[in-house]
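Engineer: Next comes the sequence, and after it the predicted model I'd like to discuss.
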2 protein chains.
Amino acid sequence: MAEATRTVGVIGGLGPLATLDFFERVLKRTRAPREQDHLRLIIDNNTKVPDRNAHMRGDGPSPGPSLAASALGLQKAGADFIVMACNTTHAWEAEIRAAVSVPFLSIIDVTVDAVADLRPEAVGVLAVDACLGHKLYQNALEKAGIKPILLSADSQRSFMDLIYRIKSGDTGEVARRGMTTLARKLEAQGAEVIIAGCTEIPIVLTADDIEGELISSTDVLVERTIVFAGGDLKA
Amino acid sequence: MAEATRTVGVIGGLGPLATLDFFERVLKRTRAPREQDHLRLIIDNNTKVPDRNAHMRGDGPSPGPSLAASALGLQKAGADFIVMACNTTHAWEAEIRAAVSVPFLSIIDVTVDAVADLRPEAVGVLAVDACLGHKLYQNALEKAGIKPILLSADSQRSFMDLIYRIKSGDTGEVARRGMTTLARKLEAQGAEVIIAGCTEIPIVLTADDIEGELISSTDVLVERTIVFAGGDLKA
C-alpha cells in the first residue's frame, strides 16, 4: 500500500460549500485504515476572491491576482502541487501557473480526459456563464473531437439562479429537481454524456438522476488528486 | 453586518474527519447571504503529525515540531490567527505559540470559559488518554474552581476504542450508542455538565443524547473563531 507523500494545495472558497464537498470526497475516496494514510491537504477557503460572473459582466475586478496569491501562499505553506476546487476560475490558470513553481492539475483537462475515455460524439456541459464565456470546456472538447452541447439562453438563466441558491446553502429537493430537469434537457438535445462542470452541481445531482453518463468534474479531480499525491483509491 | 476580515489558520488532520466537521460547522454557523461573507480559512489537514497517544505511551516521536511547522506555514500563507481542531495537541501549545507571531486561540481555554458560565460544581470530561495524561482539562477546570470527573480505567479503554473507530470512519449508530453510554456514566458519577473534549466526539454525540448539558469543544471553538475573525454568527 502506498503512503501519500505529496502535499496537495487546494485553492477553494469558490464557493465554500463546494470546497467542503471536495474535501469530504477526497477523504471518502482515499483508502486510509489509519488517519496517517490520508492525504495532507492545505486548503485555502478563499472567500475573498472577486465574483467571477460579475467580472465577466464587466462589473468588478479580475479574480486573477487573488487566485495567484492563494496559489503562492499554499506553496509557501508546503504544497507540492496545486488544484482548484472550481471550474470557472481555470480561466485564470495561466496567472496561477506563473505564480508558483510547483505543478498545477487542471480540473478541465482531467475532466475532458475522463469524458474522452467514453468516446462520445456529443457532450452536454452544465457550467456557469463565466465558465462558458471563457469557452473552457467548449475548446477542450472540440480539441478532443467532441461536440459540446449547451443549454438554451432561458435554461442557462434558470441554471445560474440554481447555482447561486446552492452557493447560499439551498441544497434540498427543489434544487435537486431543478438541476435534474436541466441535465435532461441537454440529453434531449442529443448529449450522450453530461459534464457537471461546476463544483456546486454534484452537491445536488448524481448519476442516478439522468439517463446517460454523468461525469462530475469534482469526482474526477478528487481521484486524480489522490493518485498524484501518491495515495490509494478506495475500491 | 460585519464582514469577516481576519483570515483563520486551522491546524487540522488530527484527524481528518474532525477537521472536515469543524469546517462544516464554521460554514453552517456563519451568517453569510453571499459566499464572500464566509470566513477565509486556511486549513492544514496535516495527517503527517505523529500519533499523540503513541507518543504518550513512549512509542513514537513528539508531535510538537510538526504542529509548530504547520502553524508557521499557515502564517506564511496569510493566516491572521491560528486555531487547532483537536484538543490533545494543545499539550504542545507553547511550541506552536513560539513558532508564530500571530495570536493562537486555545480550544481548552474557550471551552472551559463556556463551561464556567454554567457555574457547575462537577464536570465530566470525555477526552483521549494523551489529553488526560497532559491534564489539559483537569488543570483548567480546577483553576476555575470546578471538579473534573473522569471515566473509570475500564470505560476509558472503551472510549479509546471508540475514538479510533470514529477516526477510521465508523460513525454509525453503534458508535453513537457507545458514546452515549460513556457520557451517561459520567453523569451517574455526578457530572452536571459533560465536556466533549475531543473533536471526534460531536461527530456521533449530541446534547439530546444525555441528561445534562453537553459542551462541545468543537462548537465553542467554531463560535469563538467566527467572532474573532470578525464574522457574524447565524442565529
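Structural biologist: On my side now, so go ahead.

Engineer: Chain A: helices as residue ranges?
Structural biologist: A:16-29, A:52-56, A:64-77, A:93-99, A:107-116, A:129-133, A:136-143, A:153-167, A:173-188, A:201-204, A:217-229 (DSSP state H).

Engineer: Is there proximity between the first one and chain B?
Structural biologist: Yes - on the criterion C-beta under 8 Å from any C-beta of the partner chain, helix A:16-29 is in touch with chain B at A:16-17, A:20, A:23-24, A:27. For glycine as for every other residue, the C-beta is placed from the backbone atoms N, C-alpha and C.

Engineer: Which of the helices of chain A has the lowest mean pLDDT?
Structural biologist: Lowest mean pLDDT of the helices of chain A: helix A:52-56, a mean of 87.

Engineer: Could you export the helices of chain A as TSV, including mean neighbour count and distance to B:I108?
Structural biologist: Shown next, in TSV, are the helices of chain A (neighbours: other C-beta atoms under 10 Å in any protein chain shown; distance: least, C-beta to C-beta, whole Å):
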stretch	mean neighbour count	distance to B:I108
helix A:16-29	23	25
helix A:52-56	18	40
helix A:64-77	22	25
helix A:93-99	17	38
helix A:107-116	21	39
helix A:129-133	20	44
helix A:136-143	19	47
helix A:153-167	16	35
helix A:173-188	17	40
helix A:201-204	22	34
helix A:217-229	22	32
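
Engineer: Any idea which of the ones you listed gets closest to B:T89?
Structural biologist: helix A:64-77 (17.8 Å; C-beta to C-beta).

Engineer: Please list the residues outside the closest one that contact it.
Structural biologist: With contact meaning C-beta atoms under 8 Å, 6 or more residues apart in numbering or on different chains, helix A:64-77 is reached by A:9-11, A:42, A:44, A:46, A:48-50, A:82, A:84, A:89, A:92, A:95-96, A:98-102, A:104, B:42, B:44, B:73-74, B:76-78.

Engineer: Might you enumerate the residues of chain A proximal to chain B?
Structural biologist: Going by C-beta under 8 Å from any C-beta, the residues of chain A near chain B are A:13-17, A:20, A:23-24, A:27, A:32-48, A:51, A:69, A:73-74, A:76-78, A:167-168.

Engineer: how does it look with 6 Å?
Structural biologist: A:15-16, A:20, A:23-24, A:27, A:35-36, A:38, A:40-48, A:73, A:76-78, A:167 (C-beta under 6 Å from any C-beta of the partner chain).

Engineer: Identify the residue spatially nearest to A:T5, adjacent ones excluded.
Structural biologist: A:G230 (4.5 Å; C-beta to C-beta, 6 or more residues apart in numbering or on different chains).

Engineer: Could you double-check that the one you found lies in contact with A:T7?
Structural biologist: No - using C-beta atoms under 6 Å, A:G230 makes no contact with A:T7, being 10.2 Å away.

Engineer: of those two, who's got more company?
Structural biologist: A:T7 (24 against 13; other C-beta atoms under 10 Å in any protein chain shown).

Engineer: and the gap between the nearest residue to A:L132 once chain neighbours are set aside and chain B?
Structural biologist: Ranked by C-beta to C-beta, 6+ apart and with sequence neighbours excluded, the top spatial neighbour of A:L132 is A:L150, at 6.5 Å. Between A:L150 and chain B the distance, using C-beta to the nearest C-beta, to the nearest Å, works out to 24 Å.

Engineer: Report how many residues lie close to A:D37.
Structural biologist: 18.

Engineer: I should have written A:D209 there, sorry.
Structural biologist: Other residues within reach of A:D209, judged by other C-beta under 10 Å, total 16.

Engineer: Can you give me the pLDDT of it?
Structural biologist: Predicted confidence (pLDDT) for A:D209: 95.

Engineer: I'd like to know how far the closest residue in space to it that isn't next to it in sequence sits from chain B.
Structural biologist: Computed as C-beta to C-beta, 6+ apart, the closest residue to A:D209 that is not its neighbour in sequence is A:T180, at 4.4 Å. Look at A:T180 and chain B: by C-beta to the nearest C-beta, they are 24 Å apart.

Engineer: same question, A:D109
Structural biologist: From A:D109 to chain B the distance is 24 Å (C-beta to the nearest C-beta).

Engineer: Grab the nearest non-local neighbour of that residue.
Structural biologist: Per C-beta to C-beta, 6+ apart, closest to A:D109 is A:A140, 7.0 Å.

Engineer: The one you found against A:V112, yeah?
Structural biologist: Yes - with contacts counted by C-beta under 6 Å, A:A140 reaches A:V112, the gap being 4.3 Å.

Engineer: domains for chain A, by residue range?
Structural biologist: Using automatic domain parsing, the domain parsing of chain A gives A:8-106+A:220-229, A:108-217.

Engineer: Of all these, which one is nearest B:D161?
Structural biologist: Across those (criterion: C-beta to C-beta), the nearest stretch is domain A:8-106+A:220-229, sitting at 14.6 Å.

Engineer: For the closest one, measure first residue to last.
Structural biologist: Start-to-end span of domain A:8-106+A:220-229 (C-alpha to C-alpha, to the nearest Å) is 7 Å.

Engineer: Also stretch A:145-163?
Structural biologist: Stretch A:145-163: ends 29 Å apart by C-alpha to C-alpha.

Engineer: Check stretch A:116-128 too.
Structural biologist: 22 Å.

Engineer: Show the pLDDT at the residue nearest to A:L132.
Structural biologist: 98.

Engineer: what about it, how many neighbours?
Structural biologist: 17.

Engineer: how much space is there between it and A:A175?
Structural biologist: Separation of A:L150 from A:A175 (C-beta to C-beta, to the nearest Å) stands at 21 Å.

Engineer: so the residue nearest to A:D209 makes contact with A:A207?
Structural biologist: No - taking C-beta under 6 Å as the definition, A:T180 is not a contact partner of A:A207, at 11.3 Å.

Engineer: How about the contacts made by A:G15?
Structural biologist: By C-beta atoms under 6 Å, 6 or more residues apart in numbering or on different chains, the residues touching A:G15 are A:167, B:35.

Engineer: Need the pLDDT of it.
Structural biologist: Note for A:G15: predicted pLDDT of 88.

Engineer: A:R52 versus that one, what's the distance?
Structural biologist: In terms of C-beta to C-beta, A:G15 sits 11 Å off from A:R52.

Engineer: what touches both of these two?
Structural biologist: Joint contacts of A:G15 and A:R52 (C-beta under 6 Å, 6+ apart) do not exist.

Engineer: Identify the bridge partners of A:I42.
Structural biologist: Beta-bridge pairing for A:I42 (DSSP bridges): A:G9, B:D44.
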